[in-house]
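> Following is a predicted model, sequence given first.
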Protein chains: 2
Amino acid sequence: MADLKFRIKAQRASDAKTIVKARNFEIIVDEPQSLGGTDLAPNPVEYVLAALAGCLNVTGCLIAKEMGFEIKDLQIDICGDLNPAKLFGQSDDDRAGYKGLEVRMTPVCNADEATLNEWMRRVESRCPVSDNLMNATPLKITLKTLQTA
Amino acid sequence: MADLKFRIKAQRASDAKTIVKARNFEIIVDEPQSLGGTDLAPNPVEYVLAALAGCLNVTGCLIAKEMGFEIKDLQIDICGDLNPAKLFGQSDDDRAGYKGLEVRMTPVCNADEATLNEWMRRVESRCPVSDNLMNATPLKITLKTLQTA
């Protein structure tokens, strides 16, 4: 299959708030007041969890169909711990991002346990967002400078 | 600093659509019709890019303040290529997620080039979402089964 290209354009609105355009959609990112924002929207690391949940649903339903059973309902709970010390320049002892993520998948379906375990294994392996989190993804950051007077 | 815990609860609305609750916020995730959805919201891999952009803004403004200059404006463009073949079970030749991400940061500020290059180096190292993408993040997925008749 041919590669798909995804892109966003983001514009700073304040030190903590960002307006992101993805196709015809607008995504607002902010921080709670405790992290320096105005608390008008989810924060960046919450969007990571939302992306993962959405991707697990898409991948889970697709693979259930392949395996011949139907997902009638699905709840996904995700949490993760993050030490903000590196972000705030106070310590390098912990990594900057989530140390790990705990995901609980609660599907309602009529598949037996062995089938569901195999389903879970395939979902984890083929979910794009899981892959980008579980495995290193290269970032190429370039800087375009606009000087002000 | 103490760890911060972030969490979401997600509910399947259809095979491609997911309703995510993060604190008091609702995030809708969908897919374009070409990927099996109803195109009511950004898709999971677009939310990954939005999360990264929001996090680079927060981290960038914080580190500029530390370094004694002010970000007057900041635009962030991010794109990435993804081969959907593994997701759709057609081939394992490419990884499931983004092969890599290209980020272009366009700050408007009065820092010189050497300062901005050092700024960029610190931002990349201390941005939580960059860290979770660039480096492996363990996922612990557990399955809670609800059988239907």
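Now that the structure is in, tell me what you want to look at. Numbers count the residues shown, from 1 in each chain, chains lettered A, B, ... in the order given.
> Whether the helix or strand that contains residue A:26 contacts chain B - can you check?
For residue A:26, the enclosing helix or strand under DSSP states H and E is strand A:25-29. Yes. With CB under 8 Å from any CB of the partner chain as the criterion, chain B is reached by strand A:25-29 at A:25, A:27, A:29. Heads up, the C-betas are built off the backbone N, CA and C, glycines and all.
> Excluding covalently adjacent residues, which one is nearest to the first one?
The shortest distance from residue A:25 to any residue other than its chain neighbours is 4.7 Å, reached at residue B:42 (CB to CB, 6 or more residues apart in numbering or on different chains).
> List the contacts of that neighbour.
A:22, A:23, A:25, A:27, B:29, B:30, B:50 (CB atoms under 8 Å, 6 or more residues apart in numbering or on different chains).
> Kindly list the single helix or strand of chain A that scores lowest on mean pLDDT.
Here the helix or strand of chain A ranked lowest by mean pLDDT, DSSP states H and E is strand A:146-147, holding a mean of 68.
> Between strand A:25-29 and the lengthiest helix in chain A, find me the angle.
If you go by DSSP state H, chain A has its longest helix at helix A:44-67. Note on geometry: by axes from the mean of the first three to the mean of the last three CA atoms, to 10 degrees, helix A:44-67 and strand A:25-29 are set 130 degrees apart in direction.
> Can you identify the element that follows helix A:44-67 toward the C-terminus?
strand A:73-82.
> Tell me the helices and strands packed up against that following strand.
helix A:44-67, strand A:100-109, strand B:4-12 (3 or more CB pairs under 8 Å, 6 or more residues apart in numbering or on different chains; DSSP states H and E).
> What strand or helix carries residue A:131?
Take DSSP H and E as the rule and residue A:131 turns out to sit in helix A:128-134.
> still on that earlier bit, most tightly packed of the helices and strands packed on strand A:73-82?
Most buried of those by mean neighbour count (mean count of other CB atoms under 10 Å in any protein chain shown) is helix A:44-67; its value is a mean of 26.
> that older thread, and the pLDDT at the residue nearest to residue A:25?
We have a pLDDT of 98 for residue B:42.
> Mind telling me what element it is part of?
Using DSSP H and E, residue B:42 falls within no helix or strand.
> Compute the distance between it and residue A:13, please.
18 Å (CB to CB, to the nearest Å).
> do residue A:89 as well
According to CB to CB, residue A:89 stands 23 Å off from residue A:13.
> Who has more neighbours out of those two?
residue A:13 (16 against 12; other CB atoms under 10 Å in any protein chain shown).
> now the nearest residue to the more buried one once chain neighbours are set aside, what's its secondary structure?
Distance criterion CB to CB, 6+ apart; nearest residue to residue A:13, sequence neighbours excluded, is residue A:19 at 5.3 Å. Secondary structure, DSSP: H, G, I helix; E, B strand; the rest coil: residue A:19 is strand.
> Right, I'll leave it there.
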